[in-house]
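1. My questions are about this predicted structure, shown below with the sequence.
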Amino acid sequence: MLFQLILNPTTQFTQADATGFVLAIFKWMLVIVAILYMFVAVIITRQIGLMHATVSTPHTVRLRLISLVHLALSGVLLLYFVLFL
Amino acid sequence: MKKKSPSSSTSDASKTVNHRHVDDYSDVLASEPSCDRVFTSFAPKPKHTRFESQATTENVVLLLRQHPITQVKWILVVLFFGIVPMSFPFLPVYSFLPISYRLGLTFLWYLALFGYSFQLFLKWFYNVYILTDERVIDVDFISLAQKNITAAKIDNIEDITSESVGFSSTFFDHGTVLIQTAGAAQEITFEAVPYPAKVTAVLNDLLLEEEREKIEGRTH
């Protein structure tokens, strides 16, 4: 929609076009946020590995599992934003 | 039944004499059972807990974290932000969005909130103060790229001070233990640890034991 408008500017720019245009921008903003968040999730997962190397406790495996689930969910969210919005 | 050779019993005896168990010289730790709870801030003789640079003969006698009451602030922040999405329908922009967007936004909000709280929990969980029968160790994780580990030998300790300031410290029995050392790390601070009096007592017991070891020639 955005590229169409740039390539083919038209005077018949309806309200529906404007809504679609705003939603398209919003979608890609959410995708960028989700990519950044996935990066944060990777850092958290890596951080647990480094912390465990310094102090090892019996529950580190459980914490790592939680961080992996968190990472997987952030991946699912990114896919949802790309495919379903 | 296998009979012990005289040489092995001698070596066992010398081992016992050289390295006494912490319960033998610390009344505070003798009265505390070995801790197997993980999410605790005061763990005497913790099981299956090891740290980087731990010597094979070194035993962890006390593992400390900040008192849970010091974490209440961020827990309340998380709870507040947990109920914020309930106010989303009242925003005019929100009602303009299709249902798929609303769903995605709410999911992102809660995931980010979980990530934030998990990160803070990890910071609390892994920022530990460790007392071994040989050293005092302060492990600080400031960020992913920054980690501070301060260690001092027990026999380098010169002065131990404990402070409990404020209503929360007195009510929940937590405080700061300042350890002055003669080493490169001039001061090690155990911030907001539970039972500061007990921690000070354990440190004094460890210090006395180190001196006893020196006098009796049991140094290793």
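-> Looks like it came in fine. Because the structure is a prediction, the values reported are computed rather than measured. Numbering: from 1, shown residues only, chains lettered A, B, ... in the order given.

2. I'd like to know how far residue A:20 sits from chain B.
-> 11 Å (CB to the nearest CB, to the nearest Å). For glycine as for every other residue, the C-beta is placed from the backbone atoms N, C-alpha and C.

3. Now name the helix or strand holding that residue.
-> Following DSSP states H and E, one finds residue A:20 within helix A:15-54.

4. how far does the helix or strand immediately after that helix in the chain sit from the chain's center?
-> Where DSSP H and E defines the elements, the next helix or strand beyond helix A:15-54 is strand A:55-56. On the basis of CA atoms, centre = their mean, to the nearest Å, strand A:55-56 is displaced by 31 Å from the centre of the chain it belongs to.

5. One more: stretch B:117-127?
-> 12 Å.

6. Report whether it contacts chain A.
-> Yes - against chain A, stretch B:117-127 shows contacts by CB under 8 Å from any CB of the partner chain at B:118-119, B:122, B:125-126.

7. Cross those residues against helices and list the overlap.
-> B:118-119, B:122, B:125-126 (DSSP state H).

8. Among these, find me the one that's closest to chain A.
-> residue B:126 (4.1 Å; CB to the nearest CB).

9. still on that earlier bit, who wins for most neighbours among the ones in helices among the residues of stretch B:117-127 next to chain A?
-> residue B:126 (22 neighbours; other CB atoms under 10 Å in any protein chain shown).

10. does that residue really touch residue B:147, like I thought?
-> No - if you go by CB atoms under 8 Å, residue B:126 and residue B:147 don't touch, sitting 9.5 Å apart.

11. Tell me the residues that contact both of those two, please.
-> Listed as contacting both residue B:126 and residue B:147 by CB atoms under 8 Å, 6 or more residues apart in numbering or on different chains are A:54, B:139, B:141.

12. Near the closest residue to the first one other than its chain neighbours, how many other residues are there?
-> Spelled out, it's residue A:54. Nearest-residue entry for residue A:54: residue B:52, 4.8 Å, with adjacent residues in sequence omitted and distances by CB to CB, 6 or more residues apart in numbering or on different chains. Neighbourhood size, residue B:52 [other CB under 10 Å]: 13.

13. didn't residue B:52 look like it was pressed against residue A:51?
-> No - in this structure residue B:52 lies outside contact range of residue A:51 using CB under 8 Å: 10.4 Å.
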